[in-house]
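S.K.: Sequence and predicted model, in that order:
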Number of protein chains: 2
Amino acid sequence: MTTPTDTRCCPPVTEAALDEEAAQRLAGVFAALGDPVRLRLFSLIASRPDGSCACDLVGPLGRSQPTVSHHLRALHEAGLVDRERQGRWIWYSVHPEALLEAATLINC
Amino acid sequence: MTTPTDTRCCPPVTEAALDEEAAQRLAGVFAALGDPVRLRLFSLIASRPDGSCACDLVGPLGRSQPTVSHHLRALHEAGLVDRERQGRWIWYSVHPEALLEAATLINC
DNA sequence: TGTCTATATTGACAAGCATCAATATATAAC
DNA sequence: GTTATATATTGATGCTTGTCAATATAGACA
């Protein structure tokens, strides 16, 4: 059983100013979405219900494989995507918590 | 008379992948929120119903006046805040459209 | 006019980041 | 074992960005 609510979640930005610690954490999430290539990458993963194989993410972006891998790592470290090995492939899928907190903040 | 709805608004990220043009535009909004100082700055403005005088935004952030002015310009250029001169002071307030589109995208 | 105050701009610097080619690692299949 | 494929890491490069001190701009008021 998991906790139903994220205890770190902040109220909408219209209700209270952020403290430094929350700003640091949430800015990391927004920064991860703040690059056009990475945002498209994230949207490619999110738009497939079961996630995406990394091998399917290189072509559509017009960037080299190392660059895509670098961005996937950034999304993962920001808490936005999960990765799971499946044989020779690695499967990426949305990790909803970070996205939820970010959405809650700006959902006014 | 202004258009009542923003025709550029995108469906949630779980429904469709972004094209390059939309990714460019939305990444700009997320990038503006992707710095801790700027995110706190934005939250300070957003948490006051009538907006904030720039003069009230320098103190709480622990940054120099030029740095705060620089970040205010970044928020304004990203479409996140409006500015309005009121005598000797300049009033900043949330410009909801860009925030709405960003929130719609990640509100899953 | 001149002075005071609020805000913006300029210029410089260091740190960070997006990108790629080359290489490494890891799994699968033979 | 070897070979092939998928992904990650390393190292280098050029561009961007956050920051401040110094300066400029612009409005208010005497």
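M.R.: Now that the structure is in, tell me what you want to look at. Numbers count the residues shown, from 1 in each chain, chains lettered A, B, ... in the order given.

S.K.: got the angle for the helix or strand of chain A with the lowest mean pLDDT vs helix B:96-106?
M.R.: Taking mean pLDDT, DSSP states H and E as the measure, the helix or strand of chain A with the lowest value is helix A:96-106, at a mean of 92. With axes from the mean of the first three to the mean of the last three CA atoms, to 10 degrees as the basis, helix A:96-106 and helix B:96-106 are set at 160 degrees to each other.

S.K.: close to chain B, is stretch A:101-108?
M.R.: Yes. Stretch A:101-108 comes into contact with chain B (CB under 8 Å from any CB of the partner chain), by way of A:102-103, A:106-108. The C-beta positions use only the backbone N, C-alpha and C, and glycine is treated the same way.

S.K.: Tell me the spacing between the most centrally placed residue in chain A and chain B.
M.R.: Geometric centre of chain A, nearest residue: residue A:80, 2.1 Å, by CA atoms, centre = their mean. Residue A:80 is 10 Å from chain B, where distance means CB to the nearest CB, to the nearest Å.

S.K.: And residue A:90, by the same measure?
M.R.: Using CB to the nearest CB, we find residue A:90 at a distance of 19 Å from chain B.

S.K.: for that residue, what are its contacts?
M.R.: A:53-54, A:83-84 (CB atoms under 8 Å, 6 or more residues apart in numbering or on different chains).

S.K.: can you confirm it is in a strand?
M.R.: Yes. Counting by DSSP: H, G, I helix; E, B strand; the rest coil, residue A:90 is found in a strand.

S.K.: Tell me, what's the model's pLDDT at it?
M.R.: Looking at residue A:90, its pLDDT stands at 96.

S.K.: And for residue A:13?
M.R.: 85.

S.K.: how many neighbours does it have?
M.R.: Residue A:13 has 24 neighbouring residues, counting by other CB atoms under 10 Å in any protein chain shown.

S.K.: contact partners of stretch A:58-72?
M.R.: Contacts of stretch A:58-72 with the rest of the structure, by CB under 8 Å, 6+ apart, involve A:35, A:37-38, A:40-41, A:44, A:54, A:57, A:81, A:83, A:92, B:17.

S.K.: Most neighbours among those, please name it.
M.R.: residue A:41 (28 neighbours).

S.K.: Which residues are in contact with that residue?
M.R.: Contact analysis of residue A:41 by CB under 8 Å, 6+ apart lists A:57, A:61, A:68, A:71-72, A:75.

S.K.: Could you see whether DNA strand D lies near stretch A:34-42?
M.R.: No. Counting by CB under 7 Å from any atom of the strand, DNA strand D has no neighbours in stretch A:34-42; the shortest distance is 8.6 Å.
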